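Colleague: Give the three-dimensional model of this entry:
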Amino acid sequence: MQKLSYEEFRRIVMDLSVPDEKLGAYLMADPFYKGSGFNPRFVPDPSMVDITMEDLELESALGFGNAICRWRRQRRFKDKIEAGDRRPVLVSEGDSWWQFPFLIKDVIDHLGDDYLIWSLGAAGDTAANMTGANSEYMRGLDRWADRARAFLFSAAGNDIIGEDLTGRPVLEHLLKPYQAGKSPEWHIEPVAFDATMRKLLEAYQKTVSTIRGDRRFLELPILIHGYDYPYPFPYGDDDNRDPSYAASDEWLGAPFAGKGFPAGAFRRAILIVMLDRLYAMLHQVASADPSGRTFVVDARGSLPHRDDWADEIHGTSDGFEKVAERFRKALISAL
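Modeller: Here you go, the predicted model:
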C-alpha cells in the first residue's frame, strides 16, 4: 500500500466512504497508551503514514479508538437516515463484541449490511457502566423511538474477564489455585463468582425493566447473548495468535498461569462452565420479562475453532460474521 501524507491520513479519517478496515491498515497500537487492551487505542503507523513525532503524540492524546469509531458509525447512520434509507433501525449498547475499533469487523459491522444501527458500544465497557447513572441506551431509544425495531445488548464479558479497580484481571478472583484431579467446577471460587452473577443479573434486570417502563417500548424486542467458548492462550504448541493491541495471554492465559493451571483444554473447560452459568442467568432474565420479548441469542458454538478467534476473547472478522448470522436469524423471528 502507498504511504500516505499525514494530511491525507486525516482526510480519510473524516471520509465516511472509506471502510474502517481500510483505515485500520494505516494504524498501529498506541505506544504511548498505558491503559488496558480491553480498550485498544491506535495511532497512525509511521511506516504507512508520513508523520512527525509531535503529530504522533497528538494522535495519542486524542485517543484514536472508541470515540472516532463511534463518531464514524453514527455519522454514517445519520447520513443514511437523511438520504431516506428505510431499513429497520436497531439501537445497540455493548462491549468490544459490538465495537472493536478498526482492526476487526465486529458483530455490529456485519449486521450493518442489513440494518441501520445506532451504535452506543465501546470496547472495554462493563455492565455496571452501561446500566449506571450515565447510561446512554434510553437516550438512544428515545431519540429513534419512531424507527427503533429492536435493542441489542452485549454485556458481562468484561465483568468476568476484565480488570478490577486495581487493574488486576477479574478472573484471578474467580479462580481457586489449580489442584490436579479436581473438576473444572471445583476450581471456580463460588462466593466470588456468585457475587459476580448477582451483579450481572441486577444489571440486566435493570436494563429490561427500564426499557419496559417506557410505554413506547413495552414490546420492543431486546436481544442479549452470553458469548462463545474462548480458547485461552496458548492453546496448542502451534498457537500463533499475536494481537498488536494486547499481550497474547493478557485476558485469560496470564491469570490461569498465575493460578498454576496447565495450558490447554482444562482451562477452556472452566470457561465453558462459567459461560454456561452466564447463559442460565440470561434465560432467567428473559423468562422474567412479562412481554416475552426478551430473547437470548445463543452464540455458543458459533466460533468453534481456535482460528475463529483473533485473540483470546474476540473473534476474527470472519468469526464475528458467524455470530452476526445468529443474530440475523433471531431478528427475523423477533421482528
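Colleague: which residues of the stretch 151-300 of the chain score low on pLDDT?
Modeller: Within the stretch 151-300 of the chain, the stretches with pLDDT under 70 are 164-167.
Colleague: Look up how far His187 lies from the residue lying farthest from the centre of the chain.
Modeller: Going by Cα atoms, centre = their mean, the residue of the chain most distant from its centre is Gly181, 34.3 Å out. Counting by Cβ to Cβ, to the nearest Å, the gap from Gly181 to His187 is 11 Å. For the C-beta atoms, the positions are set from N, CA and C on the backbone; glycine is no exception.
Colleague: next one: Ala288
Modeller: To His187, Ala288 is 30 Å away according to Cβ to Cβ.
Colleague: ok, the two, which is more surrounded?
Modeller: A count of neighbours by other Cβ atoms under 10 Å puts His187 above the other of Ala288 and His187, at 21 against 13.
Colleague: Skipping adjacent residues, who's closest to that one in space?
Modeller: Nearest in space to His187, with sequence neighbours left out and distances taken as Cβ to Cβ, 6 or more residues apart in numbering, is Lys176 at 5.1 Å.
Colleague: Tell me who's in contact with the one you found.
Modeller: Residues counted as contacts of Lys176 (Cβ atoms under 8 Å, 6 or more residues apart in numbering) are 186-189, 259.
Colleague: Can you say which of these are buried?
Modeller: Buried members of the contacts of Lys176, counted by 16 or more other Cβ atoms under 10 Å: 187-188, 259.
Colleague: could you dump those to CSV with secondary structure?
Modeller: Shown next, in CSV, are the buried ones among the contacts of Lys176 (DSSP: H, G, I helix; E, B strand; the rest coil):
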residue, secondary structure
His187, helix
Ile188, strand
Lys259, coil
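Colleague: so which of the residues you listed comes closest to Leu116?
Modeller: Ile188 (40.7 Å; Cβ to Cβ).
Colleague: residues touching the closest one, list them.
Modeller: Applying Cβ under 8 Å, 6+ apart to Ile188 gives the contacts 174-176, 270, 273-274.
Colleague: Strands along this protein, start to end?
Modeller: Assigned by DSSP state E, the strands in the chain fall at 4-5, 27-29, 42-44, 49-50, 89-94, 116-119, 148-154, 222-225, 294-297.
Colleague: Go through those and name the closest to Cys69.
Modeller: Nearest to Cys69, of all the strands of the chain, is strand 116-119, at 8.8 Å by Cβ to Cβ.
Colleague: Please write out the alpha-carbon positions of the closest one in CSV.
Modeller: Extracted C-alpha coordinates of strand 116-119, given in CSV (Å, rounded to 0.1, in the frame of the first residue of the first chain):
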residue,chain,number,x,y,z
LEU,A,116,-29.4,0.8,10.3
ILE,A,117,-27.8,0.6,13.8
TRP,A,118,-27.5,3.5,16.2
SER,A,119,-24.3,2.2,18.0
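Colleague: Name every strand pairing with it and say which way it goes.
Modeller: strand 89-94 (parallel) (DSSP bridges).
Colleague: for the partner strand, the distance to its chain's centre please.
Modeller: Centroid separation for strand 89-94 versus its chain: 13 Å, with Cα atoms, centre = their mean, to the nearest Å.
Colleague: now stretch 260-271
Modeller: Distance of stretch 260-271 from its chain centroid, counting by Cα atoms, centre = their mean, is 23 Å.
Colleague: mind checking the end-to-end distance for that stretch?
Modeller: Its first and final residues considered, stretch 260-271 spans 16 Å by Cα to Cα, to the nearest Å.
Colleague: partner residues bridging Leu27?
Modeller: Beta-bridge pairing for Leu27 (DSSP bridges): Pro44.
Colleague: Against Met274, how distant is Val297?
Modeller: 18 Å.
Colleague: So which of those two has more stuff around it?
Modeller: Neighbours per residue, other Cβ under 10 Å: of Val297 and Met274, the larger number sits with Met274, 23 against 20.
Colleague: related to what we said a few turns ago, between the contacts of Ile188, which is closest to Ile222?
Modeller: Nearest to Ile222 out of the contacts of Ile188 is Met274 (Cβ to Cβ; 23.0 Å).
Colleague: tell me the contacts of Gly157?
Modeller: Applying Cβ under 8 Å, 6+ apart, we find Gly157 in contact with 95-97, 227, 313.
Colleague: try 7 Å
Modeller: 95, 97, 227, 313 (Cβ atoms under 7 Å, 6 or more residues apart in numbering).
Colleague: give me the number of residues near the third one?
Modeller: Here the number of neighbours of Tyr227 (other Cβ under 10 Å) works out to 24.
Colleague: How about the second one?
Modeller: Look at Trp97: counted by other Cβ under 10 Å, it has 24 neighbours.
Colleague: Give me the neighbour count for the residue nearest to it when sequence neighbours are not counted.
Modeller: In this structure, Trp97 finds its nearest non-sequential neighbour in Ser154, 5.0 Å apart by Cβ to Cβ, 6+ apart. Ser154 has 28 neighbours, counted by other Cβ under 10 Å.
Colleague: what is Ser154 paired to in the beta sheet?
Modeller: For Ser154, the beta-bridge partners are Gly94 (DSSP bridges).
Colleague: For it, give me its contacts.
Modeller: With contact set as Cβ under 7 Å, 6+ apart, Ser154 has these partners: 94-95, 97-98, 121, 225.
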